[in-house]
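Quick one, structure for this:
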Amino acid sequence: MSALQEQVNGEHYKHKTIQRVEFTMANRWDDCSSSALKYLIRFRDKGLPVVDLRKAHHFVRLREETLPLARGDNGEFFNWRTVITMERFVHDNQIADGDQIAALLALRDYVHMGAINPAYYEKCLHKIDVLITMTQSAVTQETQNG
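Numbering: from 1, shown residues only. Okay, here's the model as predicted:
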């Protein structure tokens, strides 16, 4: 059996048409970016949505702080590429929530442009904060309704 068809403890990745690991490996994303993506795509599937979103936020901040460690000999950050677009990832995985899509696109922009334009960092954090607020509101509403 392929490792992509197997998941230890759960099903939240196996049901994705494009798995996070496929997306991040194909596009050469760093560990912090990959972890942020993980939490942004699974937050509804694990039972603690706000915690997962806060983890995504934290990994974006960790990436920003550790980015100097990734500088290559030629002065460039990372050797990323785009093989699987975020739009395809969203479409193929049937992600329909507008706030989630906005956060994923902001993460993509930050990964590719953050070292060039610091505004992408703030935008990414803001989009995740919006998703946290919306999710907290929905969780509170569900709790109140029973």
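
State the helix or strand in which the residue nearest the centre of the chain lies.
Centroid-nearest residue in the chain, with Cα atoms, centre = their mean: residue 37, separated by 1.9 Å. The secondary structure element spanning residue 37 is helix 31-42 (assigned by DSSP states H and E).

The helix or strand just after that helix packs against which elements?
Using DSSP H and E, the helix or strand that directly follows helix 31-42 along the chain is helix 49-66. Secondary-structure packing of helix 49-66 (3 or more Cβ pairs under 8 Å, 6 or more residues apart in numbering; DSSP states H and E): helix 31-42, helix 98-113, helix 119-145. For the C-beta atoms, the positions are set from N, CA and C on the backbone; glycine is no exception.

helices and strands around the second one, which ones?
For helix 98-113, the elements it packs on are helix 31-42, helix 49-66, helix 86-92, helix 119-145, judged by 3+ Cβ pairs under 8 Å, 6+ apart.

how about the third one: buried residues?
Of the residues in helix 86-92, 86, 89, 90 count as buried by neighbour count, 16 or more other Cβ atoms under 10 Å.

returning to what we had before: if you compare the helices and strands packed on helix 98-113, which one is most tucked away?
Among those, ranked by average contacts under mean count of other Cβ atoms under 10 Å, first place goes to helix 31-42 (a mean of 21).

Any regions of the protein where pLDDT drops low?
1, 3-14, 71-80, 146 (pLDDT under 70).

hmm, who's touching stretch 24-33?
By Cβ atoms under 8 Å, 6 or more residues apart in numbering, the surrounding residues in contact with stretch 24-33 are 23, 34, 37, 59-60, 62-63, 66, 70, 78-84, 107, 111.

dump the residue contacts of residue 127.
Applying Cβ under 8 Å, 6+ apart, one finds that residue 127 lies in contact with 99, 102, 103, 105, 106, 107.

can I assume the fourth one is in contact with residue 85?
No - Residue 105 lies out of contact with residue 85 (Cβ atoms under 8 Å); the separation is 10.2 Å.

neighbour-wise, which of the two wins?
For residue 105 versus residue 85, neighbours defined as other Cβ atoms under 10 Å are more numerous around residue 105 (16 against 12).
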